Every structure is written in structure tokens, then in C-alpha cells.
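Participant: sequence unavailable; structure follows:
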Ligand code: UD1
Ligand code: MG
């Protein structure tokens, strides 16, 4: 197996998104687009990825700070995709392996497609291989031009296509694998001879063909995976496709999703076997749900929530940064935030943790087998000991618990 590096292009300004934020930080099902592309590289065994950043580079770096396998490369001016790759020259000029080049705005990428690309490249001993897709509506994408024998000749960008070329439905999703040395030689020769006067990476392929090297195009990208997100509309389309994938995988793992179209589950969520997700449930952030739980309808689970097994959450129940042990029930209109809730606790209708006093957020710790009556307000920081019974409508503070001889310790610092 050849040594393999990856370059991900993520420097663009994205005028079509009409955004002040770097495009690749826009989220698809809770994760920035770039995260999916990085994952795909890791899954095919790439150990070092060069991410080209420019517009608001610091923001992108900050979001992915701490990933040791990423090397950031700055493209000061966004002169085009070929120029962006050429910005990695210092880092890659002596590299004798193969280089994957991908775009940070293609979150629907699947590692399986990259594996096909790599296998084809090696089997054909090509200098460059790209994976293509066939789309019913190829608007906006670079078109793959082949000769009468089906050999790849080059890519023409949508804005440079003649009427005949516009009819081509085979497009470039920007999944490339290059012999690194051939790539960098060819990049030097790219000229901005096009409508947008940019240095196009797509021109590298015809350039490589012209110097007698073998370039292969393999139609390996499913149409739903080919999307490059250039607009808010495409961002929402990509999110829909990703949501379907997330739910599909959960269902394969034994989770019932009663109404997939009316359920939203974050890409980072984990859900156990035989849990049922009722309609209008919204799960956002890093959330873990155990087995045999029943969630919703109309439940809202937020970042940092960990639910063990047999938990029941009903209508208008919001959970944030809390852990709920086995058998906890909160069936109606509750807010549990920054809390640790013990086994078999029943949280009555309309009961809440008052976790914020206007200045700081504090924790609530509810022991095992507690009964919290309806409409209780639990003022944090608060510790309620095992087996406590809180009457309906009670406002519970640590002082009132202490007066009753309850647990005196407060656990503000404990998570
Ligand atoms: C590009 C391809 C097109 C393909 C499509 C697939 C080129 C010239 N065109 O078009 O053939 O069908 O992707 O989605 O490559 N970027 C930089 N620096 C730059 C310019 C762009 O880093 O100077 C980055 C962008 O941030 C983005 C990626 O490269 O992540 C692609 O750029 P974008 O402007 O989205 O290209 P497309 O028009 O989508
Ligand atoms: Mg794009």
C-alpha cells in the first residue's frame, strides 16, 4: 500500500452562502461539514491531512484544535482550487506517495467511495483517478468530458460549458487521488483561463493527460453523496440526506423511530437497542440513550445528556447536561438541567430544576427511588437523598432540605 496523504480545501469565502462564517463550519446534523470529510479520510487510513484554510482561518482552526493528524495550510488569497492545493507545496513537495484531494464542502462523502477510488487507482496504476457521479440535474458541477471510447479527457466547469457540454450528466464531486509528484508538477502549469479567472484544480486532469500520464474516472459516487454545499438550500438538502442516514443506522441497530420525517437526531447521538423514539423528538448534541427507553413525543434532549436503560420521557420534557439512571420517568412538561438523577426516580408533571440563578449554573443531585411530585421546583445547588418524597407544588432549596434534616452537602462542583 502506498503512503497516503490528504488535502482538504476549506479556504473559500462562499459568497453563495451569504455568510460571515467559514463555509466548512456550517453544520450538518450538529457537526461542521469539514468534520465529515476529515472522518472519511481517517476511515481510509490517512494519517496526515493538510487542511487549506483562508477566510476566517482562526475560527476553523479553533473548532478543530487538538486534532494531531491535521496540519493547517494558509491560502492568503482565494485564487481557486488549484491554487489552494499548490499552497501545500512546501509540505508535500518531497512526498512520494499518493495524495487524496477533497473539498471541505462535501459532507456527504462516504469512506466506502474513497476505498473504491483508491482500489481503482492502484489497480489501474493511474497517475490520477477521480470518482464521478451521474446526476439528473448536473447544474453547477464540473462536467466530465470523455472521448468516443469512454476515456476521460478533462473536466469543464459549469460556467465554461457550451450548450452541448451542459447536457452531460456525469459530474465531478471533487474526489481525487493523485500521484503526488505528478500532481504538483501539473499544478504549476494551470492557468486561470476561464470565465471566473481562477486557478481550477479541474484543469490539472487534462494537464496530466497531455503529458502522457494515465488518468482514470470511475463512476463510483452515488448521486445523493455527490453534493457540494454552496448555498443554504443545499445545506438543508445535505442535512436531510444525512438525517436519513443517521436514522437508518440507528434503526439497523434496533432503535424504533416511529416517524422518521418528524424526528431529528444529531450525528453524535448514541441510542441503545429497543428504545422507541416517538414523533417530534429533537436530540441535539452529544447525547447517549440506553436500551428500552421511550422518548417523546415532543421531547428535547440536549448536549451532555446521558440516559441509562428503561428511561421514559414524555411530552415537552427537556433534558440538558444531565445523567438519568435506570428507570427514571419524566412523562410530562419537565426541565432537567445540570442534574444527576438516581434510579427509578419519578419526576412529576411540570417539575423542574432551577439550575440558573442569573449568574451561575448549579447542579441538582437526586438520589435513587425519589418521588418528585407535580409542579416541584428544585433550586440548585441541591442534593436530595435516596428515597425522598417531594410533595406536589413544593419549592425545594438546600436550606429547606437542611431544616428537615436532609443531606446537607451541596455538589456544585461535581458534574
Ligand atoms: C468545485 C469544482 C467542480 C465540482 C464541485 C463539486 C473546481 C474548479 N470546481 O466547484 O468541478 O463539481 O466543486 O462540489 O474545483 N476553495 C479554496 N480555495 C479557493 C477556492 C475554493 O480552498 O481559492 C475551497 C472551498 O472552500 C470549497 C472547495 O474548495 O470547500 C470547492 O470550492 P467551491 O467554490 O465550492 O467550488 P465549486 O464551484 O463547488
Ligand atoms: Mg462547492
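Facilitator: Ah, there it is. Not measured: the values here are computed from a predicted model. Residues are numbered from 1 along each chain as shown. Ligands and ions are numbered 1, 2, ... in the order given.

Participant: and the strand or helix carrying residue 51, how far from the chain's centre?
Facilitator: With secondary structure defined by DSSP states H and E, residue 51 is part of strand 48-53. Remark: strand 48-53 is offset 17 Å from the chain centroid, using Cα atoms, centre = their mean, to the nearest Å.

Participant: for it, packing partners?
Facilitator: Judged by 3 or more Cβ pairs under 8 Å, 6 or more residues apart in numbering; DSSP states H and E, strand 48-53 is in contact with strand 4-9, helix 33-43, helix 57-63, strand 70-74. For glycine as for every other residue, the C-beta is placed from the backbone atoms N, C-alpha and C.

Participant: for residue 320, grab the count of nearby residues.
Facilitator: Around residue 320 sit 21 other residues, with neighbours defined as other Cβ atoms under 10 Å.

Participant: what residues does it make contact with?
Facilitator: Shown in contact with residue 320 (Cβ atoms under 8 Å, 6 or more residues apart in numbering): 302-305, 335-338.

Participant: recalculate using a threshold of 7 Å.
Facilitator: Applying Cβ atoms under 7 Å, 6 or more residues apart in numbering to residue 320 gives the contacts 302-305, 337-338.

Participant: now list the buried members of these.
Facilitator: Taking 16 or more other Cβ atoms under 10 Å as the criterion, what is buried in the contacts of residue 320 is 302, 304-305, 337-338.

Participant: which of those are close to ligand 2?
Facilitator: Contacts with ligand 2 within these, as defined by Cβ under 5 Å from the ion: none are present.

Participant: looking at these, which are in strands?
Facilitator: Judged by DSSP state E, strands contain the following of the buried ones among the contacts of residue 320: 305, 337.

Participant: and which of the buried ones among the contacts of residue 320 is nearest ligand 1?
Facilitator: residue 302 (29.7 Å; Cβ to the nearest ligand atom).

Participant: quick check: closest non-adjacent residue to the closest one.
Facilitator: Nearest non-adjacent residue to residue 302, counting by Cβ to Cβ, 6 or more residues apart in numbering: residue 320, 4.1 Å away.

Participant: same check on residue 284?
Facilitator: Closest to residue 284 by Cβ to Cβ, 6+ apart is residue 266, at 5.1 Å.

Participant: and the spatially closest residue to residue 194 that is not a sequence neighbour, its phi and psi?
Facilitator: Spatial nearest neighbour of residue 194, excluding adjacent residues (Cβ to Cβ, 6+ apart): residue 160 at 5.1 Å. Reported as degrees, to the nearest 10, the phi and psi values for residue 160 are phi -110, psi 0.

Participant: now stretch 27-39: buried residues?
Facilitator: 28-30, 32-38.

Participant: could you do stretch 271-279 as well?
Facilitator: Neighbour counts over stretch 271-279 (16+ other Cβ under 10 Å) mark 271-272, 275-278 as buried.

Participant: quick check, nearest of these to ligand 1?
Facilitator: residue 271 (31.5 Å).

Participant: who's that closest one bridged to?
Facilitator: Under the criterion DSSP bridges, residue 271 forms beta bridges with residue 289.

Participant: and if you look at residue 52?
Facilitator: Going by DSSP bridges, residue 52 forms beta bridges with residue 9, residue 73.

Participant: what distance do you get for it to residue 138?
Facilitator: According to Cβ to Cβ, to the nearest Å, residue 52 and residue 138 sit 26 Å apart.

Participant: can you list the buried residues in stretch 130-139?
Facilitator: In stretch 130-139, counting by 16+ other Cβ under 10 Å, buried: 130-133, 135, 138.

Participant: adding distance to ligand 1, secondary structure and pLDDT, write those residues out as JSON lines.
Facilitator: Listed next are the buried residues of stretch 130-139 as JSON lines, based on distance: Cβ to the nearest ligand atom, whole Å; DSSP: H, G, I helix; E, B strand; the rest coil; pLDDT from 0 to 100:
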{"residue": "130", "distance to ligand 1": "10", "secondary structure": "strand", "pLDDT": "97"}
{"residue": "131", "distance to ligand 1": "11", "secondary structure": "strand", "pLDDT": "97"}
{"residue": "132", "distance to ligand 1": "10", "secondary structure": "strand", "pLDDT": "98"}
{"residue": "133", "distance to ligand 1": "9", "secondary structure": "strand", "pLDDT": "98"}
{"residue": "135", "distance to ligand 1": "10", "secondary structure": "coil", "pLDDT": "98"}
{"residue": "138", "distance to ligand 1": "9", "secondary structure": "coil", "pLDDT": "97"}
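
Participant: of the residues you listed, list those near ligand 2.
Facilitator: Residues of those in contact with ligand 2 (Cβ under 5 Å from the ion): none.
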